[in-house]
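**Q** Below is the sequence, then the predicted model.
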Amino acid sequence: MRKSLYKSGTGIGLALLSPAVLATQEDVLTIVGIAPMYAFILFVIVVIVGVYFMRSRDKRRTPLDMIFEEGEAIHSVGPDIRVTECVRTMAAEKIGALLVMDGERLIGIFTERDALNKVLAAGLDPGNTKVSEVMTKDPYCIAPTTTVGDAMELVTRRRFRHLPIVKNGKLVAVVSSGDLIHWLVKDQVREVQELVDLAARS
């Protein structure tokens with residue numbers, strides 16, 4: 001009886017010391033050892049994503065008059081300017097729209113989309129067509145106190161690419177969808193990198 005127990009105990013001991021079992025034990029110890037590291041990495045990722053979205057949400061509450069300066073150049077033309085001249089100005093200034101002004105009064109906006117759809121697609125001669133004939137009349141305007149988030153919702157929902165900003169009946173600026181997106185994402189890459197560097201030093 002003792003011999004059988006001895007043999008059984010020896011067999012179990014040898015089985016536990018076998019390479020396969022030892023490898024499994026080492027794997028378990030390795031996993032247990034690196035688990036805190038993975039938990040820390042996951043925590044850092046969650047913090048970075050949380051900070052990113054919180055800052056993005058806060059930036060969306062910023063009023064537009066905080067991101068543009070009154071007196072910035074506004075590219076505009078009179079109603080009798082020919083489409084050819086408008087397109088040349090847009091190309092030279094690398095802009096996608098011109099505001100059409102009658103003195104101090106905003107009466108329309110002429111965009112790349114207008115040039116394509118209302119001039120070229122319609123078969124009009126751009127050299128003989130006044131911008132007032134093909135502009136988008138009475139464009140949707142917003143106040144300087146409009147938030148970045150509300151402006152983004154407008155350009156997304158109504159498919160605007162340019163929003164004139166009017167204060168007390170006077171045009172003070174124009175903001176494009178590209179301007180809004182650029183302002184929302186600027187500094188985000190740098191801020192995330194700073195968080196990663198901070199986590200790496202911890």
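**A** Good, I have the coordinates.
**Q** Leu98 - how many residues pack around it?
**A** Applying other Cβ atoms under 10 Å, we find 26 residues neighbouring Leu98. Glycine gets a C-beta too; all of them are placed from N, C-alpha and C.
**Q** so what's Val148 up against?
**A** 59-64, 67, 180, 183-184 (Cβ atoms under 8 Å, 6 or more residues apart in numbering).
**Q** I should have written Ile67 there, sorry.
**A** 148, 175, 179, 183.
**Q** quick one: pLDDT of it?
**A** Ile67 is assigned a predicted lDDT (pLDDT) of 79.
**Q** looking at this, Ile95 is in a strand?
**A** No: Ile95 is assigned coil when assessed by DSSP: H, G, I helix; E, B strand; the rest coil, not a strand.
**Q** Just give the nearest non-adjacent residue to it, would you?
**A** Spatial nearest neighbour of Ile95, excluding adjacent residues (Cβ to Cβ, 6 or more residues apart in numbering): His75 at 5.7 Å.
**Q** What is the neighbour count of that neighbour?
**A** 14.
**Q** can I get the contacts of Ile67 in JSON lines with secondary structure?
**A** Shown next, in JSON lines, are the contacts of Ile67 (three-state DSSP):
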{"residue": "Val148", "secondary structure": "helix"}
{"residue": "Val175", "secondary structure": "strand"}
{"residue": "Asp179", "secondary structure": "helix"}
{"residue": "Trp183", "secondary structure": "helix"}
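**Q** out of those residues, who's nearest Gly96?
**A** Nearest to Gly96 among those, counting by Cβ to Cβ, is Asp179 at 10.8 Å.
**Q** pLDDT wise, what is the closest one at?
**A** On pLDDT, Asp179 comes in at 85.
**Q** ditto for Ile48
**A** At Ile48, pLDDT is 65.
**Q** The one 10 residues further on too?
**A** Reading off the per-residue confidence, Asp58 sits at a pLDDT of 72.
**Q** got any ranges where the protein has weak pLDDT?
**A** Where the chain drops to pLDDT under 70, the residues are 1-40, 43-44, 46-57, 69-72, 187-202.
**Q** show me where it has helices.
**A** 2-16, 19-60, 83-93, 112-114, 131-134, 148-157, 177-185, 188-201 (DSSP state H).
**Q** returning to what we had before: can I get the contacts of Val148 in TSV with distance to Arg161?
**A** Shown next, in TSV, are the contacts of Val148 (distance: Cβ to Cβ, whole Å):
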residue	distance to Arg161
Lys59	20
Arg60	19
Arg61	23
Thr62	20
Pro63	21
Leu64	16
Ile67	17
Leu180	10
Trp183	15
Leu184	16
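**Q** Could you chop the protein up by domain?
**A** 2-60, 64-185 (automatic domain parsing).
**Q** thinking again about what came up before, which of the contacts of Val148 are buried?
**A** Buried by 16 or more other Cβ atoms under 10 Å: 59-60, 64, 67, 180, 183-184, out of the contacts of Val148.
**Q** For Thr89, give me its contacts.
**A** 75, 77, 98.
**Q** make it 10 Å
**A** 75-77, 81, 95, 98, 110 (Cβ atoms under 10 Å, 6 or more residues apart in numbering).
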